[in-house]
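S.K.: Predicted model, plus sequence, below.
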Amino acid sequence: MLDQALISAVISGFTTDPDQWRAVPAADFAANGITVDGDPRRVALYLRDGIRKARVSLIAPQEGTAQVFIGNNLRGSLHAALRGDGSTLYVGDNCSFNDLTLRSRQPNDLIAIGNDVAVTGPGAWTSGLAAAPGRPTLVVGDCCLLAADVTLRNSDGHPVLDHSNGDVMNTPARGILLEPHAWLGERSAVLKDVTVGAFARVAFGSVVTRDLPRYAVAQGVPATFRVDGNRYWAWDATAAGRARAAAFLERFPPEDG
């Protein structure tokens with residue numbers, strides 16, 4: 001599991017303290033744009049001011065409960081299957097999702113998405129498959145941009161066993177972390193135990209299987225990279241786009257070496 005302090009460093013204002021949110025009773029889910037497949041009483045929903053411009057559909061766990069925290073001004077559509085007891089989904093403020101699907105398949109899971117994150121087309125992110133007894137997390141930092149058909153998977157789909165003793169050999173150690181202002185191109189994928197550094201750029205169709213430092217430019221299968229610390233990307237060339245990028249430059253400088 002990723003350290004709480006590390007998550008707070010990449011998601012501004014991150015908290016799952018229910019006292020800092022507005023609890024929404026199950027009877028009011030629909031009025032807030034939330035539909036639930038299964039027993040809505042198994043979902044503890046917390047909002048800021050409410051959801052106005054988004055469609056959110058949830059699959060409740062069959063046993064136990066899951067927590068869902070959704071910040072202000074969510075736009076687009078989000079589908080989340082929360083299979084495990086004690087799981088938490090966190091979405092920050094001002095996110096825009098174009099048909100994003102989240103699959104949480106482990107108990108005590110954490111999927112945390114920061115503020116101002118955009119997913120421009122359909123995508124599928126999966127946390128916890130059959131090789132994940134260590135309960136890896138999936139964290140996307142503030143202001144990340146993910147194109148259509150990006151895949152995030154923090155565990156392998158099946159365990160690989162040691163023939164001599166039956167031990168699982170491919171258990172994930174820590175999950176996936178995207179630092180703020182990372183850009184993942186269309187049809188790219190990030191696999192287990194990978195950190196993608198701030199201002200990294202991942203090319204179309206690339207498969208990232210190892211850590212990318214800040215300001216990395218990655219491409220290929222598996223992806224290789226170079227570090228371009230003299231340049232940084234912005235969402236667009238407008239004054240607002242430049243200012244959005246500049247807000248992270250001092251906090252996330254190029255790494256030594």
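M.R.: It's in.

S.K.: Give me the contact list for stretch 32-47.
M.R.: The contact list for stretch 32-47 (Cβ atoms under 8 Å, 6 or more residues apart in numbering) reads 18, 21-24, 26, 29, 50-52, 54-70, 82. Backbone N, C-alpha and C define where each C-beta goes, glycine included.

S.K.: which of these count as buried?
M.R.: Using 16 or more other Cβ atoms under 10 Å as the burial test, the contacts of stretch 32-47 include 21, 24, 26, 29, 51, 54-56, 58-61, 66-70, 82 as buried.

S.K.: wait, isn't residue 212 in contact with residue 198?
M.R.: No. Look at residue 212 against residue 198 with Cβ atoms under 8 Å: they stay out of range, at 10.0 Å.

S.K.: quick one, phi/psi of residue 198?
M.R.: phi -60, psi 140 (degrees, to the nearest 10).

S.K.: Give me the distance between residue 103 and residue 211.
M.R.: Using Cβ to Cβ, to the nearest Å, one gets 24 Å for the distance from residue 103 to residue 211.

S.K.: between those two, which one's more packed in?
M.R.: Between residue 103 and residue 211, counting by other Cβ atoms under 10 Å, residue 103 is the more crowded of the two (19 against 14).

S.K.: list the contacts for the residue nearest to that one when sequence neighbours are not counted?
M.R.: Spatial nearest neighbour of residue 103, chain neighbours left out: residue 126 (4.4 Å); criterion: Cβ to Cβ, 6 or more residues apart in numbering. Contact analysis of residue 126 by Cβ under 8 Å, 6+ apart lists 102, 103, 105, 151, 152, 153, 154, 155.

S.K.: What is the neighbour count of residue 89?
M.R.: That count, for residue 89 with other Cβ under 10 Å as the rule, works out to 25.

S.K.: That one: helix or strand, and which one exactly?
M.R.: Secondary structure from DSSP states H and E places residue 89 in strand 87-91.

S.K.: Assumed the residue nearest to residue 103 was part of a strand.
M.R.: Yes. Read with DSSP: H, G, I helix; E, B strand; the rest coil, residue 126 is one of the residues of a strand.

S.K.: And it, how close does it get to residue 191?
M.R.: 11 Å.

S.K.: cool, residue 236 as well?
M.R.: In terms of Cβ to Cβ, residue 236 sits 29 Å off from residue 191.

S.K.: Which one of those two is surrounded by more residues?
M.R.: Neighbour totals were compared for residue 236 and residue 191, and residue 191 leads with 18 against 10 (other Cβ under 10 Å).

S.K.: on that earlier part again, if we look at the strand holding residue 89, which residues are touching it?
M.R.: 11, 14, 16, 61, 66-71, 74, 78, 80, 82, 102, 104, 106-113.

S.K.: what are the pairing partners of that strand, and which direction each?
M.R.: Applying DSSP bridges, strand 87-91 is found paired with strand 66-70 (parallel), strand 110-113 (parallel).

S.K.: So in the chain, which helix runs the longest?
M.R.: helix 239-249 (DSSP state H).

S.K.: hang on, the earlier thing: what touches both of residue 126 and residue 191?
M.R.: Common neighbours of residue 126 and residue 191 (Cβ under 8 Å, 6+ apart) are 153, 154.

S.K.: Could you measure from the residue lying closest to residue 26 once chain neighbours are set aside over to residue 33?
M.R.: Among residues not flanking residue 26 along the chain, residue 40 sits closest, at 4.0 Å (Cβ to Cβ, 6+ apart). Using Cβ to Cβ, we find residue 40 at a distance of 14 Å from residue 33.

S.K.: now do residue 44
M.R.: 17 Å.

S.K.: Check residue 224 too.
M.R.: Taking Cβ to Cβ, one finds residue 224 at 42 Å from residue 33.

S.K.: Since that was my last question, I'll sign off now.
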